[in-house]
Every structure is written in C-alpha cells, then in structure tokens.
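Got a sequence here, can you build the structure:
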Amino acid sequence: MAISKDEVRKVARLARLGLTEDELESMAGHMESILEFVAKLSEADTEGVEPTAHVLDLTAELRPDEPHLDGNATEIMKSAPDAGFGFFKVPKVIGGEEI
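A predicted model of the protein is given here:
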C-alpha cells in the first residue's frame, strides 16, 4: 500500500510533529512497511483461537495481605525530618499550594 507524503504530513500534523521533506519521504517508507506487516498478520488463520491478554496462561501468586511492621517504629521515626506522636509531619497542602 503506497503512502503519499501528504498522508504522512497529515499524520505528522495530528501528532504535532514537525518533519522535514527528507523525513516525510523516509516516514512514508516506514509507514508502508508497517501497513504491509499488518496486512500479513491479517492473513493468519485465527479460526478457533481464543482472544488472550497474554500469550502464556499465568496467574500471579500473591502473599496474604496482612499488616506487619518491617522494622522498629521508634528507629524509623528517628530517620524522619519531622515527626511527632508516632506520625510523620508534612506540610499542609490545599489546592496544590503550600500553606
């Protein structure tokens, strides 16, 4: 399928890309190659093949979701720049502005 420089120019404009004349010519060739490859893919016999999200049938083995401390809370709080009453103190932010 032949792609004209005008078609490449239109796609480049939609993608907000500024291409030179040489780049337009080069991209036309690349786009033709891509469309030829997609055409070959559409020729593949997929009769009876179930759609999948992944080529392998994998399931993630997850650990139980149980709360636990990974260290001494007192030691962790000592590393904070500002802390009090067992909590990290952070600047109050409302509407994206620091108060």
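
what kind of secondary structure is the residue most central in space within the chain in?
Central residue of the chain (C-alpha atoms, centre = their mean): residue 53, 15.8 Å from the mean position. Residue 53 carries the three-state label coil when classified by DSSP: H, G, I helix; E, B strand; the rest coil.

Local confidence estimate at it?
Here, the pLDDT recorded for residue 53 equals 80.

Next: residue 98.
With respect to pLDDT, residue 98 has a value of 58.

do residue 21 as well
92.

Contact partners for it?
Shown in contact with residue 21 (C-beta atoms under 8 Å, 6 or more residues apart in numbering): residue 5. Placement of C-beta: from N, CA and C, glycine included.

Relative to residue 9, how far out is it?
10 Å (C-beta to C-beta, to the nearest Å).

so where's this protein uncertain?
Where the chain drops to pLDDT under 70, the residues are 69, 96-99.

so where do the strands sit in it?
Remark: strands assigned in the chain by DSSP state E are 83-84, 87-88, 93-94, 97-98.

Rebuild those as JSON lines, extending it with distance to residue 45 and mean neighbour count.
Formatted as JSON lines, the strands of the chain follow (distance: least, C-beta to C-beta, whole Å; neighbours: other C-beta atoms under 10 Å):
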{"stretch": "strand 83-84", "distance to residue 45": "64", "mean neighbour count": "11"}
{"stretch": "strand 87-88", "distance to residue 45": "59", "mean neighbour count": "11"}
{"stretch": "strand 93-94", "distance to residue 45": "57", "mean neighbour count": "8"}
{"stretch": "strand 97-98", "distance to residue 45": "60", "mean neighbour count": "7"}
